[in-house]
Each structure stands twice: as structure tokens, then as C-alpha cells.
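Trainee: My questions concern the predicted model and sequence given below.
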Amino acid sequence: MNANDSTTKLDFIRQIVAEDLKTNKWGGRVVTRFPPEPNGYLHIGHAKSIYLNFGIAAENKGGLCNLRFDDTNPIKEEEEYIESIKKDVRWLGFDWGDRLFYASDYFEQMYEYAVQLIKKGKAYVCDLTAEQTREYRGTLTKPGKNSPYRGRGVEENLELFERMRAGEFEEGRRVLRAKIDMASPNLNLRDPVMYRILHAEHHRTGDKWCIYPTYDWAHGLEDSIEKITHSICTLEFENHRPLYDWFLDELGVYHPQQVEFARLNLSYTIMSKRKLQQLVQDGLVSGWDDPRMPTICGLRRRGYTPESIRNFCKRIGVNKFNSTVDIALLEHCVREDLNKTSPRVMAVLRPLKVVIDNYPQGQVEELEAINNPEDASAGTRKVPFSRELYVEREDFMEEPPKKFYRLAPGREVRLRYAYFITCTDVVKDASGQVVELHCRYDPATRGGDAPDGRKVKSTLHWVSAAHSLEAEVRLYDHLFTKENPDDVENGVDFKSNVNPNSLEMLVLCRVEPSLAGTAPGSRYQFERLGYFCVDHDSSIGKLVFNRTVTLRDPWAKIQKAQKQR
RNA sequence: UGGGGAAUAGUGUAACGGUAGCACGACUGACUCUGGAUCAGUUAGUCCAGGUCCGAAUCCUGGUUCCCCAGCCA
């Protein structure tokens, strides 16, 4: 049994949906929504929510999922984010069809609802300053005090609210509040603000409005208007549910069910939009799409596939308690996908020149290489072989330790798809650095097999010196050195845990000639090294690759263990 | 200190009163023209203490620990 066999294992939210369907609670409908505020870029945590909401809709007959921009705060929101969010959701493989909505489209209707609440004596205009409001609210343990404006008459409230809308008051001068209970142990119920005055240009409604609804007031209405059945949000909104319910009940309107789940945390990275922004602002990363970022655009640039991210979301499950998923699971998911789909290619990241002394000068052979051993239909290609080659610097050791199977003086290894070679001489520069290897090849092993049946312990990747192309390769590691980046000493913040070695730029790499002209976004496996993706900085004249993830590498582990000893 | 949530191998998740299972990780071994992939195996868990029951991860009682709430953010 594998993780795909989830038909019998429903998470608690899907159980609720299934139960509601059984009891016909919503008349057989399933309508969810993904409601981002367009104030930043989406990250892998959003992917969990997208996968959940669109997934539930897709799994149920007639199910719908709305993409709704929760644009109730013009100060933080921009059109640019709307486009990036749409792009990312689409890239992840989800389609909202014609179900694209904006909270701002409901402003008029929300206003009317607010008037209703005022008429019902359940909302009032309050003149307290923000600071006074805080004082009146009380604390976690002390009840709040009623605002002196709480007793204002309906007529006065109506008039003042209208004048608020008309722009007669300056920002912060007055708010509209719900009249609930200043002594409630749930602070969200202590007469929460419904409207605040913001003389700000809204990216969609322009200057039509100068009062804007708060989240608590707006969100339930948005869900209600769109006839959502299950309003799925994260745990921190649990305390808001009584308020969500209160507004809809007081209005007597269609009332979806809010369900909360735990947001995603991933080891060695952070998910907080605010902190991610700090990394960008402080230049610790190159931007929101830096391949080290957990943003969707970062992962895309890194070479992650939508399929692998969806699969990751499926595997992590959904629950009501905070947890931190091991980033190794995400990495496993890309490897799993890329192993099946990506063409193999040879590239040498840190070149070491090898001269095959007994190979004819000027001779070039085109050797056949398999494009993808996991996919026979991918076929084969020709790779040029010649007298002078490059191999990986770390594939040679003058004094090989135990368990090092690769090239060493006097040792025979195989060059993949080519010949067996034996190292006969090591050339060093003045500082003692190995700069060149001399080897002899066995012509009888052409293609990589010895007719006499002798074996070698390892196979190396290589490129022909004269035929290979220069490339820049960017190696990435975890963004932070600690599993939990927020684990810090007093006086410093999470940024002190940024991994100084999370990016390594290699500029003089050599790749096989078949890569000439490869397009940005193309993904490959560099044999024995890992999965790489062509960066959008790449051009015909200058190839640039990002390492998505390494291959599983037992030798690296052995080496690490040997060093520690 | 008030209120609201939650605790299952190292990590993430199943089991819904009836054999604690799966995945990732780690570790063996087999195979291999990628030290990849694949295959086989090992490892390891119900927060604690009581109680109910033939039987408890599940129900009850008491405790412990963690998360959220004092924005005119979402």
C-alpha cells in the first residue's frame, strides 16, 4: 500500500465534508475557496491550502473551489500580487474556471449589511481613538469596559456611518463596531471593529471608498455571498469562529461552516511572510524567487515540479496540531518525480583535465548514451569522446581512503558509456595542487564493457574537453543552518541562522554539447550529481543551471562520517 | 493568571472500544555501466497518573506540555 491509496483514509476535513454530504446538510453541494490577500507571494504553505481546497472540490461531484482575493486592506495590497498568485495557482495545476472573485466587489453589499446591523442595534459608531480602544478592551484576564459611545441611538449611528462613508472624517477618527460583549473571555467578541476609515487608493475600487471592512466583518460575508459550504482556514482563526458565526446569525444570512487546520511548517526554512520579506529587503536572498526561498516562484525557479509539490501536499496530511515537516520529504518528492521524467546528461562541475595518452591525437568518437534508464521511450543520444577530457575533481584522490572507489593512481575505472581507463600519472602545480591526470585506456572496453569480464568498482561521468560547453552552475543548500530558524540566542533574530553556504556559484563548469541551446526551465539529471534546471538567467551564449536537489549520495555520508572520526 | 485548541516511532500521518499500520529518515543486504534507481530487511511510538471495560491510542477523572487570542492586519 502506498500514499496514493488514500481512498479509505480521509483527513478530518474530508470526513466532515463526506458526513455533510451523507446528511445532505448543504443540499449536496461542496463549495470551498482559496482566499489569499494580495499582499505578497504564495509559498509552499499556501500550496497546502490550495491543494486542500481545490482538492476537496475536485474529489466531489459538482464540487467548486473559488479563487477569491481578500482585498479589504488597500494599504497592503497590489495588483502585482494578484497576477503572481494567479500564475502560481495555475502553475500548481489548479483551475478556478470562472470562479474568480474579489472581496472588493462586495463592498456595497457589505455596507448594506452593516446598516442592517446598526438598525438592529447591534452595531455602533465609536469615537474612541485606537489607543483608547485598546485600553477599554481590557486584557486576557480582565474584562473590558463599554465604550462611552456604545449607547448611541440608531439614528445617530446611521447618520455618522453615512458620513464616515462620505469621507467627512479623517483617518482613525471613528470606527463602526459590533455591539457584542465587552466582558467576553474571547477578546474577539469585545465589540470588534467592523469598519475603519482609510483614505487610501484601492487597487480595484480606486477612491470610491474611504471606509474598509475588517477581516472579521468581511470574511464571513464573502463566504456567505459565494455560498461556500466549508470555509477552511488555519488554526489561528479558531478564536474568530464565534465572531464569524455571530455576524452571520445576526444577519440571518446563508451560513457556511468554518473549519480550521494547522498551517505547514518545514524544517530549515520559514513560512512567515513578514520574515521572508525581511530576507528579501536585507538582501540575504536575491528576491522572492530566489531558488532558496520556500515561495512557489522560488521553488519553480529551483526546478521543483508542480507534480512533486502536489504529491508532497498529499503526503503531509491535514491535522489540527502544529507540526514541522522534515524538508527531506519535500526533497524526496522531487527526486521521485524527476527520476522518472528528467533526461540524463553529463556535466562536470569542478573540472580536472584528463589526458588519455594512448588515445589517438585528433580522434573523436560519438558514443551512445541512454537518455533516461527509467523511460525507454526517451531514447539515446551521441556524446563525443576524445583524447582530452574533464572529470570531476572529487572523483580523483591521490591517496584514497577506505571505501573510495573512484580514480586514484594505478586504479582502473570506467568512463560512462566509453572506456575503462587507468591513471598512470599525476601532474601538479607549484603549490602541489593536482592539475592534470594522465591515463591509459583499454580500446577493448569501448562502450563500457570489458570482453574479459573484469570489473571496476566505479563509473565516472566525463565530458570531452574540446567539445564541452562552459556553464555556470548554482548549488543550493538549506536556507538556514538550524532545523528551526527561530531557535536563536538572546539578542539576535532568525536572520543569524541564515546558512552562509546556502549558495555556491560555480562558473567554470563543463557540460556535454547536447545542452547547447537548452531553454530556461528545462530540467535534467546531471549523472551522479543531482537534478538541475536551466535558470532564466541562461542564454545561448551563457548557460546557467540551478541545482534542484542532489542525488542520494552514500559516499557523501561515508565521507562525513570519516571526517568526524 | 481568562478563554480557545492540541498531544501516536527521529519526522509526518493512520487506526473512530477489538492484532498500533504507512510514508520519509536512519541502518543492513541484494542488484547495478549513475555510490542514482530498484528490491529485500532492520530500527523505533500511543504525554503522565488513575479509572470504566473481557478488551482503551480511542471513553471518564486529574495532571503535564505545546500552540493561538489583548491590530482600526489577514
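Mentor: Yep, it's here.

Trainee: Show which residues not belonging to stretch A:127-145 make contact with it.
Mentor: A:126, A:146-149, A:172-175, A:182-184, A:187, A:190-191, A:193 (Cβ atoms under 8 Å, 6 or more residues apart in numbering). Glycine gets a C-beta too; all of them are placed from N, C-alpha and C.

Trainee: RNA strand B next: which of these are close?
Mentor: A:172, A:174-175, A:187, A:193 (Cβ under 7 Å from any atom of the strand).

Trainee: Mind checking which of those are buried?
Mentor: A:174-175, A:193 (16 or more other Cβ atoms under 10 Å).

Trainee: Tell me who's in contact with whatever residue of the stretch 401-550 of chain A ends up closest to RNA strand B.
Mentor: Taking Cβ to the nearest atom of the strand, RNA strand B has its nearest neighbour within the stretch 401-550 of chain A at residue A:448, 1.9 Å off. For residue A:448, the contacting residues are A:414-420, A:459, by Cβ under 8 Å, 6+ apart.

Trainee: can you count the residues close to residue A:192?
Mentor: Burial of residue A:192 is recorded as 20 neighbouring residues (other Cβ atoms under 10 Å).

Trainee: try residue A:401
Mentor: Counted with other Cβ under 10 Å, residue A:401 comes out at 10.

Trainee: Contact partners for it?
Mentor: Contacts of residue A:401 by Cβ under 8 Å, 6+ apart are residue A:562.

Trainee: So it: helix, strand or coil?
Mentor: coil (DSSP: H, G, I helix; E, B strand; the rest coil).

Trainee: same deal with the one 4 residues further on?
Mentor: Assigned with three-state DSSP, residue A:405 falls in the coil class.

Trainee: Outside of the lowest-mean-pLDDT helix or strand in chain A itself, which residues are in contact with it?
Mentor: Sorting the helices and strands of chain A by mean pLDDT, DSSP states H and E puts helix A:554-564 at the bottom, at a mean of 91. Here helix A:554-564 makes contact (Cβ under 8 Å, 6+ apart) with A:401-404, A:550.

Trainee: ditto for stretch A:101-121
Mentor: Here stretch A:101-121 makes contact (Cβ under 8 Å, 6+ apart) with A:33, A:35, A:66-72, A:123-124, A:154, A:157-158, A:161, A:165, A:176, A:178-179, A:194-195, A:202, A:204-205, A:208-209, A:212-213, A:217-218, A:221-222, A:225-226, A:247, A:250-251, A:253.

Trainee: Now, of these, which are buried?
Mentor: The neighbour-count criterion (16+ other Cβ under 10 Å) marks A:33, A:35, A:66-72, A:123-124, A:157, A:161, A:165, A:176, A:178-179, A:194-195, A:202, A:204-205, A:209, A:212-213, A:217-218, A:221-222, A:225-226, A:247, A:250-251 among the contacts of stretch A:101-121 as buried.

Trainee: filter these down to the ones close to RNA strand B.
Mentor: A:70, A:72, A:212-213, A:218.

Trainee: Show me which pair in the contacts of helix A:554-564 is furthest apart.
Mentor: Greatest spatial distance among the contacts of helix A:554-564 (Cβ to Cβ): A:402 and A:550, at 22.7 Å.

Trainee: So which of those two has more stuff around it?
Mentor: Using other Cβ under 10 Å, the more surrounded residue of residue A:402 and residue A:550 is residue A:550, with 17 against 6.

Trainee: What number of residues are in the vicinity of the residue lying closest to the more buried one once chain neighbours are set aside?
Mentor: Leaving aside its sequence neighbours, residue A:550 sits nearest to residue A:530 (Cβ to Cβ, 6 or more residues apart in numbering; 4.0 Å). Residues lying near residue A:530 (other Cβ under 10 Å) number 21.

Trainee: my guess is residue A:530 meets residue A:552, correct?
Mentor: No - the criterion here is Cβ atoms under 8 Å, and residue A:530 misses it with residue A:552 at 9.6 Å.

Trainee: and residue A:505, what helix or strand is that in?
Mentor: strand A:503-511 (DSSP states H and E).

Trainee: for that strand, the distance to its chain's centre please.
Mentor: Relative to its chain's centre, strand A:503-511 lies at 25 Å (Cα atoms, centre = their mean, to the nearest Å).

Trainee: all strands for the stretch 301-450 of chain A, in order.
Mentor: Using DSSP state E, counting those that start in this stretch, the strands of the stretch 301-450 of chain A run over residues A:344-345, A:347-348, A:351-356, A:365-370, A:380-385, A:388-392, A:412-415, A:420-428, A:434-442.

Trainee: Just name the most buried of those strands.
Mentor: strand A:347-348 (a mean of 28; mean count of other Cβ atoms under 10 Å).

Trainee: can you tell if that one touches RNA strand B?
Mentor: No - using Cβ under 7 Å from any atom of the strand, strand A:347-348 stays clear of RNA strand B, coming no nearer than 11.1 Å.

Trainee: Would you list the strands that that strand pairs with, along with their directions?
Mentor: Counting by DSSP bridges, the strands paired with strand A:347-348 are strand A:503-511 (antiparallel).

Trainee: Next, see if the next helix or strand after the strand it pairs with gets close to RNA strand B.
Mentor: Sequence-wise, the next helix or strand downstream of strand A:503-511 (DSSP H and E) is strand A:523-526. Yes - judged by Cβ under 7 Å from any atom of the strand, strand A:523-526 and RNA strand B are in contact via residue A:525.
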